[in-house]
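*Asks:* quick one: sequence and predicted model below, then my questions.
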Amino acid sequence: MQFDRELDVKGLNCPLPILRTKKALAEMESGQVLRVLATDPGSLKDFAAFSRQTGNELLDQREENRVFEYFLKRK
């Protein structure tokens, strides 16, 4: 998937991945896509809730070798 910016929050635990994602999205233009890499298993629920609450679209989420990959589209 194409993305405009990447954020690596591997090794960080809740709430830091969400807080850093929020900051990164605030610096982006509407319609741009942010790729986030995380290792916190709780991030699965956190990113789904974050997307619903903020209106930023969660385009895709994947897991490979205990690394979670999220693609969020800036509203």
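*Replies:* Noted; the coordinates are in hand.
*Asks:* in stretch 7-19, what counts as buried?
*Replies:* Buried residues in stretch 7-19, counted by 16 or more other Cβ atoms under 10 Å: 7, 9, 12, 17-18. (Glycine included, C-beta is placed from N, CA and C.)
*Asks:* try stretch 58-74
*Replies:* 61, 68, 70-74.
*Asks:* distance across it, terminal residue to terminal residue?
*Replies:* This stretch, stretch 58-74, spans 9 Å end to end (Cα to Cα, to the nearest Å).
*Asks:* return the distance of it from the chain's centre.
*Replies:* In this view, stretch 58-74 has its centroid 7 Å away from the chain centroid, taken as Cα atoms, centre = their mean, to the nearest Å.
*Asks:* contact partners for residue 6?
*Replies:* 34-37 (Cβ atoms under 8 Å, 6 or more residues apart in numbering).
*Asks:* try it again with 7 Å
*Replies:* By Cβ atoms under 7 Å, 6 or more residues apart in numbering, residue 6 lies in contact with residue 35.
*Asks:* same thing with residue 43?
*Replies:* Counting by Cβ under 7 Å, 6+ apart, residue 43 has contacts 17, 68.
*Asks:* quick check: nearest residue in space to residue 44, chain neighbours excluded?
*Replies:* Leaving aside its chain neighbours, residue 44 sits nearest to residue 68 (6.6 Å; criterion: Cβ to Cβ, 6 or more residues apart in numbering).
*Asks:* next, work out how far apart residue 19 and residue 31 are.
*Replies:* Distance of residue 19 to residue 31, computed by Cβ to Cβ, to the nearest Å: 23 Å.
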